[in-house]
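J.: Coordinates for the following, if possible.
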Amino acid sequence: MKIIFLSFYITIAPLTYGVELTLENIYKNDTFHTKGMGKWKWIPKSNDILIYDKAHGDSLKSFHRVEIGTRDTTTFISSEKLVFKDDTFNVSSFSFDKTGTKLLLLINRSNIWRHSYSGNYFVYDLFSEDLIQISDKDSQLKNVKFSPDGRKISYVKDDNNLYVFDFLSQWEKQLTWDGSETILNGHFGWLYEEEFGGYDAYRWSPDNKYIFFFREDQSNVKQFHWLDEQEQYPRLKTVYYPKVGEDNPVMKLGIVNVRNRRIKWFYNEPEEDLYFPRAAWQNDKIIVFRLNRKQNQLDLVRFDTRYRKGEILLTERDSCWVDIHDNIRILKDDSFIWTSERSGYNHIYHYDRNGTIINQITHGDWEVRKIIDINEKTNIIYFTATKVSELENHLFSISLYDGNLIQITQESGWHSVSISPTKNRIIDSWSNIMTPTTHLVKNIDGKNISAISKPDKSKFDKLYWTYPDFIKIQTSDGVFLNAIITLPWNFDKSKSYPILVYTYGLSGSQTVTNRWSGRTYLWHQYMAKNGFIIFSIDNRQTGGRGKAFKNLGYGDYGKYLIRDHIEGINYLGGLPYADTSKVGIWGWSGGGYATALALTKGAEYFDVGVAVASVTDWRLYDTAYTERYMGLLSENEAGYDSASVFSYIDRFKGNLLLIHGTGDDNVHFQHSIQLVNKFIKEGKLIDTMFYPSRNHGIYGGNASFHLRKLITNYFLEYLSN
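T.: Residues are numbered from 1 along each chain as shown. Next comes the predicted model:
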């Protein structure tokens with residue numbers, strides 16, 4: 001077998017003596033970058049993976065097949081074959097059809113919103129070695145996927161209509177005709193993408209004959225506008241964005257016959273204000289997730305595709321809200337696996353084809369996070385969970401019928417796993433607070449076979465920094481909260497140090513976890529190097545500890561968020577080396593909200609804050625997210641007032657830096673503008689920085705380095721001893 005040396009397998013070499021932890025080395029030079037897996041996919045029906053990379057000495061990337069146990073590597077598709085009309089292209093992403101005979105290639109990727117994208121697509125036929133262009137060269141396609149048998153490929157074009165391309169006839173069929181700026185067929189708009197985690201709005205039937213699709217009508221949704229002022233004449237940009245209490249997009253549910261293009265619409269009650277975030281085929285029937293506006297009732301509705309009648313298979317209810325997830329698996333006998341928080345913790349359940357519960361599979365005061373895979377030959381379910389600790393993520397297996405539970409991953413920390421198509425190999429991407437991400441090959445029972453990528457930890461140890469410690473803090477009313485603390489470099493317990501709090505704290509989130517956190521972690525070490533105590537606490541309403549714990553913040557997002565952060569400061573005040581007269585706090589997005597609220601509502605305890613891309617008043621944010629956790633504005637105006645930063649401007653007395661991108665489609669620049677206006681009216685002075693045309697992530701054109709330098713200097717100026 002020909003062995004090819006790939007950069008994919010290079011282990012990062014130790015740093016040369018004298019390299020320092022600086023902002024430039026973190027954010028500009030990328031000195032501390034650790035090698036990842038790169039672009040890869042499992043090859044169907046095998047334990048091998050396909051990677052897209054340069055072999056040693058090559059100038060262009062090719063596809064290579066890697067036997068993950070031995071690392072034997074062979075060329076799968078050479079760069080010479082990735083040429084179309086004399087143009088060699090660079091592949092952004094790729095995927096196989098289920099048969100493993102075709103490879104879908106994306107080039108010229110263009111981002112739409114945070115997750116969605118469009119681009120030009122080609123299919124490489126592994127038998128004929130033909131490179132087939134999908135649609136015409138100028139078409140920007142979305143949600144491109146193979147039919148289950150691999151004979152067709154489907155996609156959404158710029159006109160927001162659904163199409164199918166037949167490989168045998170080389171013919172493109174248009175399946176819907178009313179797509180427009182406001183009518184989206186087979187593609188979700190901004191709200192569903194951002195708040196329900198999906199933009200792919202159609203599903204092929206298992207028999208390849210039909211496509212179920214969502215038709216989203218945004219015509220009644222108000223538009224939010226902002227200006228991109230980078231050019232001489234500003235360009236107006238728009239997003240259909242329903243703010244709290246406003247009209248949501250309206251959804252229709254349709255099924256189209258791929259052969260004759262006839263569409264049937266399923267029965268829907270138009271007067272109801274509903275969300276439809278997911279769908280899954282159950283043989284020849286389609287199961288649709290139906291969620292009410294308050295999001296406290298979720299129905300799984302099964303529609304008969306012939307008669308278009310719906311029946312409810314199961315209903316989830318909660319006193320506050322029901323979380324949407326992807327933990328549904330339809331088995332070969334049409335029974336299905338489902339996770340629910342009905343016991344107080346997220347657990348796995350088995351239902352028969354008609355929604356009657358067969359058994360609860362997992363039990364206990366811990367949470368199932370994600371179903372990874374199911375082996376129907378052995379009746380084994382593989383899933384990740386908090387059973388070891390809510391601070392960690394481990395892979396477990398359990399029998400569908402006898403409940404035999406086995407912990408597969410053993411290394412302390414956070415494991416993100418992928419299981420091979422043969423169900424006997426695992427790629428485990430693992431890290432903890434002291435170890436950068438390592439990519440390991442394991443047997444299905446968790447036994448290590450080899451390391452694909454193993455960063456050299458000594459390069460961090462040579463810096464002699466201080467690793468964080470996990471602690472539990474008991475609040476004044478007896479609740480234990482998870483927290484993490486990093487002491488300054490060269491710590492001297494006889495000295496007193498300023499405090500820097502890193503926060504997020506919104507529902508279901510976790511800041512305190514046993515995993516490597518990349519650049520943010522490195523920056524916190526840089527601040528520890530500069531004499532700061534770094535601290536985070538997971539307040540009531542955060543994740544990993546059951547539904548009742550998450551529900552505590554319902555209806556008033558700021559109640560426990562600030563109360564428990566104050567509890568954290570009081571705990572630090574009992575440490576002789578923590579200077580609680582110099583407390584800084586910072587965060588991004590929800591963490592920016594927590595920061596702004598800390599400097600106002602919690603002004604007696606927090607002195608300096610940097611709030612990035614912050615929500616400032618929940619009336620200005622979108623319907624789906626806000627109403628899930630705050631309830632409807634019409635029923636909870638007092639809660640919205642209590643959770644608003646605007647309500648506490650009069651208490652402000654410290655130093656606050658507001659940072660925002662003017663092109664933020666998620667948390668609009670409007671949040672910071674309106675907050676600044678409140679400070680002006682109150683006669684309070686704060687600092688601001690805007691990043692022209694940057695979105696929620698604030699990057700590009702040196703923005704990442706500039707922002708970190710700005711934040712660093714702000715805390716050094718106002719908090720350093």
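J.: going forward, measure contacts and count neighbours with C-alpha atoms only.
T.: Will do.
J.: where along the stretch 501-650 of the chain do the strands fall?
T.: For the stretch 501-650 of the chain, the strands defined by DSSP state E, counting those that start in this stretch occupy 533-537, 578-588, 608-612.
J.: I meant the stretch 301-450 of the chain, not that one.
T.: Secondary structure of the stretch 301-450 of the chain (DSSP E, counting those that start in this stretch): strands at 310-317, 328-330, 336-340, 347-351, 357-360, 368-375, 380-385, 394-399, 405-407, 414-419, 425-432, 435-443, 448-453.
J.: Compare these and give me the one nearest residue 710.
T.: strand 435-443 (26.6 Å; CA to CA).
J.: next structured bit after the lowest-mean-pLDDT helix or strand in the chain?
T.: Within the chain, no helix or strand scores below strand 87-88, which has a mean of 78 by mean pLDDT, DSSP states H and E. Where DSSP states H and E defines the elements, the next helix or strand beyond strand 87-88 is strand 93-96.
J.: Return the list of helices and strands in contact with the least confident helix or strand of the chain.
T.: Under the contact criterion of 3 or more CA pairs under 8 Å, 6 or more residues apart in numbering; DSSP states H and E, strand 87-88 touches no helix or strand at all.
J.: which SSE is residue 678 in?
T.: Secondary structure from DSSP H and E places residue 678 in helix 670-682.
J.: and that helix with strand 608-612, angle?
T.: 140 degrees (axes from the mean of the first three to the mean of the last three CA atoms, to 10 degrees).
J.: in helix 670-682, what's buried?
T.: For helix 670-682, burial by neighbour count (16 or more other CA atoms under 10 Å) applies to 670, 671, 672, 675, 676, 678, 679.
J.: contact partners of the least confident helix or strand of the chain?
T.: Applying CA atoms under 8 Å, 6 or more residues apart in numbering, the contact partners of strand 87-88 are 79, 80, 82.
J.: Please report how far the last one lies from residue 130.
T.: To tie it back to what came earlier, the one meant is residue 82. Separation of residue 82 from residue 130 (CA to CA, to the nearest Å): 10 Å.
J.: of these two, who's got more company?
T.: Higher neighbour count among residue 82 and residue 130: residue 82, with 22 against 15, using other CA atoms under 10 Å.
J.: Surely residue 127 touches residue 101?
T.: Yes - when contacts are counted by CA atoms under 8 Å, residue 127 is listed as touching residue 101 (6.8 Å).
J.: Settle it for me: which of the two has more neighbours?
T.: residue 101 (15 against 8).
J.: give me the low-pLDDT residue ranges for the stretch 1-150 of the chain?
T.: The model of the stretch 1-150 of the chain has pLDDT under 70 over residues 1-18, 56, 137.
J.: can you give me the strands in it?
T.: Secondary structure of the stretch 1-150 of the chain by DSSP E, counting those that start in this stretch: the strands cover 40-42, 48-53, 62-67, 72-77, 83-84, 87-88, 93-96, 102-111, 117-125, 131-134, 142-146.
J.: Tell me which of those lies nearest to residue 586.
T.: Minimum separation from residue 586 across these (CA to CA) falls at strand 102-111, 28.4 Å.
J.: Now render the strands of the stretch 501-650 of the chain as TSV, adding distance to residue 179.
T.: Shown next, in TSV, are the strands of the stretch 501-650 of the chain (distance: least, CA to CA, whole Å):
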stretch	distance to residue 179
strand 533-537	47
strand 578-588	36
strand 608-612	37
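J.: okay, those strands, which one's buried deepest?
T.: Across the strands of the stretch 501-650 of the chain, averaging neighbours per residue (mean count of other CA atoms under 10 Å) puts strand 608-612 on top, at a mean of 28.
J.: quick one: strands adjacent to that one?
T.: strand 578-588 (parallel), strand 655-661 (parallel) (DSSP bridges).
J.: Okay, and residue 718 sits in which element?
T.: Going by DSSP H and E, residue 718 is part of helix 703-719.
J.: Give me the residues contacting that helix.
T.: With contacts defined as CA under 8 Å, 6+ apart, helix 703-719 is touched by 23-24, 27-28, 498, 527, 582-584, 608, 610, 655, 657, 691, 698.
J.: Return the two entries of these that lie farthest from one another.
T.: It's 28 and 582 that sit farthest apart of the contacts of helix 703-719, by CA to CA, at 29.7 Å.
J.: Tell me where the protein has helices.
T.: With helices called from DSSP state H, the chain shows them at 23, 190-196, 458-461, 518-529, 547-551, 559-573, 590-598, 623-630, 637-643, 670-682, 703-719.
J.: Read off the pLDDT value for the closest residue to residue 511 other than its chain neighbours.
T.: Nearest residue to residue 511, sequence neighbours excluded (CA to CA, 6 or more residues apart in numbering): residue 538, at 6.3 Å. pLDDT recorded at residue 538 is 98.
J.: got the buried residues for stretch 467-474?
T.: 468, 470, 473.
J.: Let me know whether the last one touches residue 480 as I believe.
T.: Read that as residue 473. Yes - taking CA under 8 Å as the definition, residue 473 is a contact partner of residue 480 at 5.4 Å.
J.: How far away from the center of its chain is stretch 122-130?
T.: In terms of CA atoms, centre = their mean, to the nearest Å, the centre of stretch 122-130 is set 33 Å apart from its chain centre.
J.: Run through who's touching that stretch.
T.: With CA under 8 Å, 6+ apart as the test, stretch 122-130 has contacts from 81, 101, 102, 103, 104, 105, 106, 131, 132, 133, 134.
J.: dump the residue contacts of the first one.
T.: The contact partners of residue 81, taken as CA under 8 Å, 6+ apart, are residue 129.
J.: With residue 157 as the reference, name the closest of the strands paired with strand 608-612.
T.: Checked against CA to CA, the stretch from the strands paired with strand 608-612 lying closest is strand 655-661, at 29.7 Å.
J.: Quick check: mean pLDDT of that closest one?
T.: Mean pLDDT, computed over strand 655-661, is 98.
J.: Could you find the closest non-adjacent residue to the residue of the chain most remote from its centre?
T.: In the chain, the residue that sits farthest from the middle, by CA atoms, centre = their mean, is residue 494; the gap is 42.4 Å. Computed as CA to CA, 6+ apart, the closest residue to residue 494 that is not its neighbour in sequence is residue 577, at 6.6 Å.
J.: got it, and residue 596?
T.: Leaving aside its sequence neighbours, residue 596 sits nearest to residue 611 (CA to CA, 6+ apart; 6.1 Å).
J.: how near is the one you found to residue 74?
T.: From residue 611 to residue 74 the distance is 50 Å (CA to CA).
J.: Name the residues that touch stretch 493-502?
T.: By CA under 8 Å, 6+ apart, the residues outside stretch 493-502 that reach it are 488, 531-536, 576-587, 591, 719-721.
J.: what's the burial count for the spatially closest residue to residue 205 that is not a sequence neighbour?
T.: Nearest residue to residue 205 in three dimensions, chain neighbours excluded: residue 211, at 5.9 Å (CA to CA, 6+ apart). Look at residue 211: counted by other CA under 10 Å, it has 23 neighbours.
J.: now residue 29
T.: Residue 29 has 11 neighbouring residues, counting by other CA under 10 Å.
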